[in-house]
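# okay, here's the prediction I keep looking at, along with the sequence it came from:
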Amino acid sequence: MVEENSWNTSGSLEGIGSGKIESLKETIEEIKVLVSERIRLSDSFIKEAEKMKGTINTFLLENAPKGQDDSEFTRERAELRKKQIDIAELQLNEKVACWKDIALLKKELREQEKELNEKEGRLEMIENILEE
């Protein structure tokens with residue numbers, strides 16, 4: 001008795017790479033969410049820093065020296081101005097850090113999208129070969 005090997009390929013391809021493809025798609029979506037969250041976090045930080053600088057500036061304007069020569073008061077005003085500069089420096093550092101973080105996330109996104117395209121291309125090629 002001779003047994004014939006018959007290849008039943010119906011539905012078998014769906015399981016071959018679909019798990020990895022779905023995982024890649026989820027990873028891609030997670031990276032996109034991380035990019036948007038990082039942008040939102042940075043914007044929030046920048047806005048809070050602007051509020052702080054504005055509050056300091058308002059205080060300095062409202063408490064401008066009125067002919068008085070108080071060295072303690074002058075020193076405190078100088079410290080507040082220094083705080084404004086420090087906050088501005090933090091804002092610049094945040095902008096650079098945000099840019100770096102997003103650049104790394106986008107690099108990873110491109111890598112994941114490339115891998116997804118390769119996997120989907122291979123799966124499509126196998127399906128085409130098996131259809132013939």
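Sure, I can see it.
# can you point me to the longest helix in this protein?
In the chain, with assignment by DSSP state H, the single longest helix is helix 71-131.
# what's near enough to touch the most centrally placed residue in the chain?
Most central in the chain under Cα atoms, centre = their mean is residue 35, positioned 2.4 Å from the mean C-alpha point. Residues in contact with residue 35 (Cβ atoms under 8 Å, 6 or more residues apart in numbering) are 102, 105, 106, 109. Where you see a C-beta, it was placed from the backbone N, CA and C, and this is true even at glycine.
# switch the cut-off to 7 Å
Residues in contact with residue 35 (Cβ atoms under 7 Å, 6 or more residues apart in numbering) are 102, 105, 106.
# looking at the residues you listed, spot the one nearest residue 80.
residue 102 (32.9 Å; Cβ to Cβ).
# who touches the closest one in this structure?
Neighbouring residues of residue 102 by Cβ under 7 Å, 6+ apart: 35, 38, 39.
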